[in-house]
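Student: I would like the atomic coordinates for the input below:
(one chain, ligands or ions: 1)
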Amino acid sequence: MENRLRDMAEAARKALREATSLDELEEARIKYLGRSGLLREIQQGIRDIAEELRPQVGRMINETRNELERLLEKRREALEAGRVHERAGTDRIDVTLPGRAQRVAGRHPLLATLDDMLEIFLGLGYTIAEGPEVETYYYGFEALNYPADHPAMDEQMTFYVTDDMLLRSQTSTVQIRVMERTKPPVRVVVPGRCFRRDTLDATHSHTFHQLEGLCVDEGITFADLKGTLLAFARGMFGEEAQVRFRPDFFPFTEPSAEFAVTCFVCSGEGCRVCSGTGWIELGGAGMVDPNVLEGVGYDTERYTGFAFGVGIERFAMNRYGIPDMRLLYSGDMRLLRQF
Ligand code: DAH
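Tutor: Numbers count the residues shown, from 1 in each chain. Reported below is the predicted structural model:
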C-alpha cells in the first residue's frame, strides 16, 4: 500500500508540474485529488490493512494530500500569471497611435480688438474703469447734460426697466461715476456693453460695445484730444494713419466732433471698405461740457477735459473684414476658429 501511494504521488507530482494549461491542471486535480480520485481510492483501502498500521499510513496519506494540494496551488498561480502575460502580449498599448489634439481656445475678435485698444491707452497712462449696465435716468442722461426733451431719451431709442431705470445706451454714463469718486487729474478708459432699441441687421444690434475715454486735468485742450486720438489711431492702424475731425453735437461735450481715420486698406485712396471716401468713422469726441464738470463738483475755472467714445464692433469688423455684425454674436465656431 505504501508503494502504491508513493507511485501515485510520483505520477501526480509529474502531472501537476507539467500541466501546461489551467484545463490540464484541473484534469490532473480530478484524477489524483478529486472526490473519486486515486488518492481517495488508496485512502479507502486503509480498511484492509492491519489495525496497528493504520495511523501511520493515514498520516502518510494526509501528508501526501497536503503536499499535492500545495503543488496544485503553485502551479495554478503560475499558469494564471502566464495567462495575464499572454494577454498583455495582445492587448498592449499602441504607442504609435496619434495623440488626441488639445483644442487651444482663441480670443473672440471683439475682445482681441478691445485688448489692443486698452493696451494703447494703458501705455498713455490711462487706467481702466467699469460701470453698471443698468443705470438711473440721472447717470444715463441728466448728468450728461441732456436737455429734458432730447430724442436720445425717447422710448424708441432706449430700453427702460422702470420710469427711472434704463439700460445704458452709451458708456459715457461711467464718466460721471468716475468723476464723482475721483479728484482730477482723471485719465480713464471704460469698456462696456451698451443697449439701444435697434433692430438686428448687418450693422446694428440691440446690444453692442463701446470704449469710452475721459481725461480731465489743468490746461487740457482740444490739441490734447487730437494728439491722443492720433496716437490711438496709429497704435491700431500703423504709423501712416491720419485722423480727421469734423464738427458734431453731443450734449456732454462742447465743442464736439466726430473723428475718422484714413482707411487702412486703401490709405485714403477710396475703396470698398471705406465706401470710396478714404476715411473710416471711428466715433465721437469733444471737450467735456463745463455743465458736466460742475455737476460732479469740479472747479471749471481750473479744470478742463476731453472725452471720446468708439464702437468696438465697427473696429473689429473693419479690422478683420467681417461683413455682418450678427456673426460676432452667433457663437459660430467656423468664424471664431479663424482668429
Ligand atoms: N457716447 C457717444 C455715442 O454713443 C460717443 C461719444 C461722443 C462719447 C462724444 C464721448 C464723447 O465721450 O465725448 O455716440
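Student: Neighbours of Phe222, how many?
Tutor: 15 (other CB atoms under 10 Å). (Glycine included, C-beta is placed from N, CA and C.)
Student: Could you show which parts of this protein are in contact with the ligand?
Tutor: Taking CB under 6 Å from any ligand atom as the measure of proximity, the chain contacts the ligand at Gln170, Ser172, Glu212, Phe250, Thr253, Gly283, Gly284, Ala285, Gly286, Ala307, Phe308, Gly309.
Student: nearest to Phe237, of those residues?
Tutor: Proximity of these to Phe237 (CB to CB) peaks at Gly283, which lies at 14.1 Å.
Student: Specify the local secondary structure of that closest one.
Tutor: strand (DSSP: H, G, I helix; E, B strand; the rest coil).
Student: Now do the contacts for the residue in the stretch 51-200 of the chain positioned nearest to the ligand.
Tutor: At 3.5 Å from the ligand, Gln170 is the closest residue in the stretch 51-200 of the chain, using CB to the nearest ligand atom. If you count contacts by CB atoms under 8 Å, 6 or more residues apart in numbering, Gln170 has them with Cys194, Gln210, Glu212, Gly309.
Student: just Leu39 next, same as before
Tutor: For Leu39, the contacting residues are Met8, Ala12, Tyr32, Leu33, Ile61, Thr64, Arg65, Leu68, by CB under 8 Å, 6+ apart.
Student: So which of those residues sit within strands?
Tutor: Among those, no member falls in strands (criterion: DSSP state E).
Student: quick one on the thing from earlier: and the residues of the chain next to the ligand, which is closest to Glu240?
Tutor: In terms of CB to CB, no member of the residues of the chain next to the ligand lies closer to Glu240 than Gly283, at 20.2 Å.
Student: Surely the closest one and Ala307 touch.
Tutor: No: using CB atoms under 8 Å, Gly283 makes no contact with Ala307, being 10.5 Å away.
Student: More neighbours: those two, which one.
Tutor: Each of Gly283 and Ala307 has its neighbours counted (other CB under 10 Å); Ala307 has more, 25 against 21.
Student: hang on, the more buried one in a strand?
Tutor: Yes: under three-state DSSP, Ala307 falls within a strand.
Student: That one reaches Leu211, doesn't it?
Tutor: No: shown here, Ala307 and Leu211 do not form a contact pair, counting by CB under 8 Å, at 11.5 Å.
Student: and Leu335, what element?
Tutor: Leu335 belongs to helix 333-336 when assigned by DSSP states H and E.
Student: any idea of the mean pLDDT in that helix?
Tutor: Mean per-residue pLDDT for helix 333-336: 87.
Student: buried stuff in it?
Tutor: Leu335, Leu336 (16 or more other CB atoms under 10 Å).
Student: cool, stretch 264-272 as well?
Tutor: Phe264, Val265, Gly268.
Student: Can you give me every residue that contacts Leu166?
Tutor: Val134, Glu135, Thr136, Tyr137, Gly140, Thr158, Phe159, Tyr160.
Student: So how do I select the buried members of those in PyMOL?
Tutor: The PyMOL command for the buried members of the contacts of Leu166 (criterion: 16+ other CB under 10 Å) is given here:
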select buried, resi 135+136+137+140+158+159
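Student: tell me which of the contacts of Leu166 is nearest to Ala316?
Tutor: Phe159 (23.3 Å).
Student: Now do the closest one against Leu167, distance only.
Tutor: 4 Å (CB to CB, to the nearest Å).
Student: Arg92 too?
Tutor: Distance of Arg92 to Leu167, given as CB to CB: 62 Å.
Student: okay, and the common contacts of Phe159 and Leu167?
Tutor: Phe195.
Student: Show me the two of the contacts of Leu166 that sit farthest apart.
Tutor: Thr136 and Phe159 (13.7 Å).
Student: so what's the backbone phi/psi at the residue sitting furthest away from the middle of the chain?
Tutor: The C-alpha centroid of the chain is most remote from Ala50, which lies 90.1 Å away (CA atoms, centre = their mean). When read as degrees, to the nearest 10, the backbone of Ala50 gives phi -60, psi 140.
Student: quick one, what contacts it?
Tutor: Neighbours of Ala50 in contact, by CB under 8 Å, 6+ apart: none.
Student: got it, and Gly58?
Tutor: Ile46.
Student: what secondary structure does it sit in?
Tutor: helix.
Student: count of neighbours near Trp279?
Tutor: 18.
Student: and if you look at Ala81?
Tutor: 10.
Student: just the helices in this protein please.
Tutor: 2-18, 22-33, 38-44, 54-91, 109-123, 137-140, 173-181, 222-237, 290-295, 312-320, 326-329, 333-336 (DSSP state H).
Student: ranking those helices by mean pLDDT, which is last?
Tutor: helix 54-91 (a mean of 82).
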